[in-house]
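Undergrad: Let's see this in three dimensions:
(one chain, ligands or ions: 2)
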Amino acid sequence: MRKRILITGGAGFIGSHLGHELLKHGYGVRALDNLSPQVHGPSGKRPEYLDPEVELMVGDVRDAEAVVRALRGVDVVYHFAAAVGVGQSMYEIEKYTSINNIGTAVLLETLMKRPVERLIVASSMSIYGEGLYAGVDGPVAVPERGIEQLRAHDWEVRDARGEVLLPLPTPESKTPTLSSVYALSKYDQERLCLMAGRAYGIPTVAMRFFNVYGTNQALSNPYTGVLAIFAARLLNGNAPMIFEDGYQQRDFVSVKDIARACRLALEAPAAAGRGGGVINVGSGRPYTIRQIATRMAEAVGKPRIGPEITGKYRVGDIRHCYADITLARDVLGYEPRVMLDDGLRELAEWLE
Ligand code: NAD
Ligand code: UD1
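TA: Ligands and ions are numbered 1, 2, ... in the order given. A predicted model of the protein is given here:
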């Protein structure tokens with residue numbers, strides 16, 4: 001009999017791609033999603049991009065009765081429902097703690113009474129803070145850059161002697177540095193799920209996504225990432241505005257690769273065991289924000305619009321972070337397939 005999967009937050013950007021991926025591979029898919037107006041607009045309508053075969057239950061993950069209904073006949077749960085704005089989380093603390101932390105708690109209390117074969121929770125690279133760096137005596141974790149340093153437009157991370165440190169791929173073992181309410185809540189979600197999973201015999205995997213991009217991203221939501229912001233500006237004929245000097249590095253991963261990694265986390269027997277059940281999912285390749293601006297301009301057919309280097313900065317921004325995906329390769333057999341330029345072209349076509 002085909003397995004039935006519940007995706008909380010399944011009408012969102014990543015959840016909708018995962019739903020499609022699972023359906024393609026013969027699973028039955030249900031989504032529990034409250035169609036949050038910030039993501040889906042005020043109409044509360046089922047998003048058009050959602051695969052028609054996804055059974056959508058409109059409800060809140062904090063509503064225990066809705067969760068009980070959504071879990072009926074379900075074999076596996078993906079917990080993706082969350083409020084996702086890093087900046088917004090710093091002033092809407094109650095909302096973020098409620099949706100992300102309490103929502104997870106309600107789901108877990110329901111799962112205790114009705115365990116499933118596997119639980120997979122969306123975690124985030126944001127819990128690392130700065131990525132890992134190469135120190136003189138080996139890899140080092142570094143604190144956030146101070147406000148004085150940023151004011152002085154001294155962007156790079158430095159060691160105690162003032163030497164610039166170079167970034168390394170960040171593995172799952174890097175100690176988290178939680179510098180936003182959002183990051184704290186994502187760490188809480190993954191720890192709660194792993195802890196309850198162990199206590200109640202539910203094999204659990206926490207997937208730490210890096211900077212995810214692709215179609216179905218909510219552009220109406222002001223908290224989407226840099227790629228969507230750059231694309232929207234370019235399509236309106238405006239230059240991408242780059243913070244700092246544009247040499248900061250990130251790991252952009254296609255939502256299609258993320259969806260496949262998530263399916264593999266359900267199918268790979270060892271996924272819930274190795275590495276404490278925590279797995280990075282990125283492309284494993286760093287790009288600078290300047291490169292991203294140039295490539296996005298090419299992808300939307302406006303190669304002559306160069307970026308504007310503003311020298312402005314966002315307090316709380318990290319300098320560099322990209323994924324070490326060795327564990328995902330070993331445990332899931334995951335290999336990123338979407339090349340950045342192809343992914344950007346697809347995003348650009350969808351936006352137009
Ligand atoms: P998204 O906002 O597109 O999707 C989240 C979905 O959850 C939305 O459809 C929303 O309506 C729903 N939702 C919000 N509150 C809810 C509630 N109380 N009850 C039920 N549903 C609710 O975001 P996304 O980018 O698809 O993110 C999915 C998951 O991946 C999140 O847990 C997020 O923290 C994580 N993540 C995303 C990224 C990224 O780059 N997009 C990176 C790391 C981690
Ligand atoms: C943050 C979150 C991450 C979340 C992501 C997308 C942290 C550490 N991480 O990542 O969890 O998934 O947002 O919501 O908080 N930039 C510009 N110009 C712009 C916008 C951004 O130059 O118009 C720069 C930023 O300064 C940053 C880089 O682009 O250096 C990436 O920014 P963004 O896409 O917001 O993602 P992160 O900060 O990596």
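Undergrad: pLDDT weak spots in the stretch 201-350 of the chain?
TA: Applying pLDDT under 70 to the stretch 201-350 of the chain flags the ranges 222, 275.
Undergrad: which bits of it sit near ligand 1?
TA: Near ligand 1, the residues belonging to the stretch 201-350 of the chain are 209, 211-212, 218, 225 when assessed by C-beta under 6 Å from any ligand atom. (C-beta placed from N, C-alpha, C; glycine too.)
Undergrad: mind listing which of those residues are in strands?
TA: If you go by DSSP state E, those have 209, 211-212 in strands.
Undergrad: Quick one: those as TSV, columns for distance to ligand 2 too.
TA: Putting these into TSV (distance: C-beta to the nearest ligand atom, whole Å) gives the following:
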residue	distance to ligand 2
209	7
211	5
212	7
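Undergrad: Next, the closest residue to residue 245 other than its chain neighbours: secondary structure please.
TA: What sits nearest to residue 245 in space, not counting adjacent residues and going by C-beta to C-beta, 6 or more residues apart in numbering, is residue 155, at 5.5 Å. At residue 155, secondary structure determined by DSSP: H, G, I helix; E, B strand; the rest coil is coil.
Undergrad: Residue 247 now?
TA: Under three-state DSSP, residue 247 falls in the coil class.
Undergrad: In this structure it contacts residue 288, no?
TA: Yes. Residue 247 is within contact range of residue 288, at 5.1 Å (criterion: C-beta atoms under 8 Å).
Undergrad: Right, and ligand 1 sits closest to which residue of the protein?
TA: Residue of the chain nearest ligand 1, by C-beta to the nearest ligand atom: residue 12 (2.0 Å).
Undergrad: Verify the stated contact: that residue with residue 34.
TA: No. Taking contacts as C-beta under 8 Å, residue 12 lies outside contact range of residue 34: 10.5 Å.
Undergrad: Which residues are in contact with each of the two?
TA: Common contact partners of residue 12 and residue 34 (C-beta atoms under 8 Å, 6 or more residues apart in numbering): residue 81.
Undergrad: quick one: pLDDT of the nearest residue to residue 80 once chain neighbours are set aside?
TA: Of all residues not flanking residue 80 in the chain, residue 9 sits nearest, at 3.6 Å (C-beta to C-beta, 6+ apart). Per-residue confidence at residue 9 stands at 98 (pLDDT).
Undergrad: Comparing residue 12 and residue 34, which shows the higher neighbour count?
TA: Using other C-beta atoms under 10 Å as the criterion, residue 12 and residue 34 rank with residue 12 on top: 29 against 22.
Undergrad: Show me which residues of the stretch 51-200 of the chain are close to ligand 2?
TA: 86, 124-126, 180.
Undergrad: Grab the two from these that are most spread out in space.
TA: 125 and 180 (12.2 Å; C-beta to C-beta).
Undergrad: Have a look at these two and say which one is more surrounded.
TA: Ranked by neighbour count (other C-beta under 10 Å), residue 125 and residue 180 place residue 125 first, with 25 against 19.
Undergrad: Distance from the chain centre to the helix or strand in which residue 231 is found, please.
TA: Assigned by DSSP states H and E, residue 231 belongs to helix 226-235. Its chain's C-alpha centre and that of helix 226-235 lie 18 Å apart, by C-alpha atoms, centre = their mean, to the nearest Å.
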